[in-house]
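Colleague: A structural model of the following input is requested.
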Amino acid sequence: MSEQEMPEDMSGAPPEGGPRVHYLVHLTLKEPENAGQFIALAREMMTHTHREAGCVHYEYGRDCKNGNKFVVVEQYKSERDLWIHLHAPYSLRIIPEIMKLCKAELVSKCHPIE
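Modeller: Next up is the predicted model:
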């Protein structure tokens, strides 16, 4: 994923409902000195996202051995809720700023095994 790309197809109408969705993003800082700026953006994103009705879980974690690596763990009630999250004004502003500071090494969207 380049720094210009969004993590999902950002076009079209939101999908209808759907099953719960888990979203995992592994990020590595391009420059270690940008950690403070990244963490500030991550905290701002968490504050907004925790207010979303469709958000079940949303947090950033920092790798215990390599402080330049982070993971975003997200869970939404449905595909539609993920779409709403990705199209929220704060997401459209903050995600590109985060991607200027990081490279995404792995993005996984999963549905739980029932």
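
Colleague: After the top helix by length along the chain, heading C-terminal, what element do we hit next?
Modeller: Across the chain, the longest stretch assigned as helix under DSSP state H is helix 35-49. Using DSSP states H and E, the helix or strand that follows helix 35-49 towards the C-terminus is strand 55-62.

Colleague: now the angle between helix 35-49 and the next helix or strand after that following strand, please.
Modeller: Next in sequence after strand 55-62, counting helices and strands by DSSP H and E, comes strand 69-76. Put simply, strand 69-76 runs at 0 degrees to helix 35-49, going by axes from the mean of the first three to the mean of the last three CA atoms, to 10 degrees.

Colleague: Could you name the helices and strands sitting against the following helix or strand past strand 69-76?
Modeller: Using DSSP H and E, the helix or strand that follows strand 69-76 towards the C-terminus is helix 79-87. In terms of contacts (3 or more CB pairs under 8 Å, 6 or more residues apart in numbering; DSSP states H and E), helix 79-87 is packed against strand 21-29, strand 69-76. Glycine gets a C-beta too; all of them are placed from N, C-alpha and C.

Colleague: Out of the ones you listed, flag the one nearest residue 107.
Modeller: Residue 107 lies closest, by CB to CB, to one member of the helices and strands packed on helix 79-87: strand 21-29, at 5.2 Å.

Colleague: Return the list of helices and strands in contact with that closest one.
Modeller: Strand 21-29 packs on strand 69-76, helix 79-87, strand 102-110, going by 3+ CB pairs under 8 Å, 6+ apart.

Colleague: need these in CSV with distance to residue 44 and mean neighbour count, can you?
Modeller: Shown next, in CSV, are the helices and strands packed on strand 21-29 (distance: least, CB to CB, whole Å; neighbours: other CB atoms under 10 Å):
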stretch, distance to residue 44, mean neighbour count
strand 69-76, 13, 19
helix 79-87, 14, 19
strand 102-110, 15, 14
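
Colleague: For the ones you listed, give me JSON lines that also has mean pLDDT and distance to residue 23.
Modeller: Converted to JSON lines, these look like this (pLDDT from 0 to 100; distance: least, CB to CB, whole Å):
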{"stretch": "strand 69-76", "mean pLDDT": "97", "distance to residue 23": "4"}
{"stretch": "helix 79-87", "mean pLDDT": "94", "distance to residue 23": "6"}
{"stretch": "strand 102-110", "mean pLDDT": "89", "distance to residue 23": "5"}
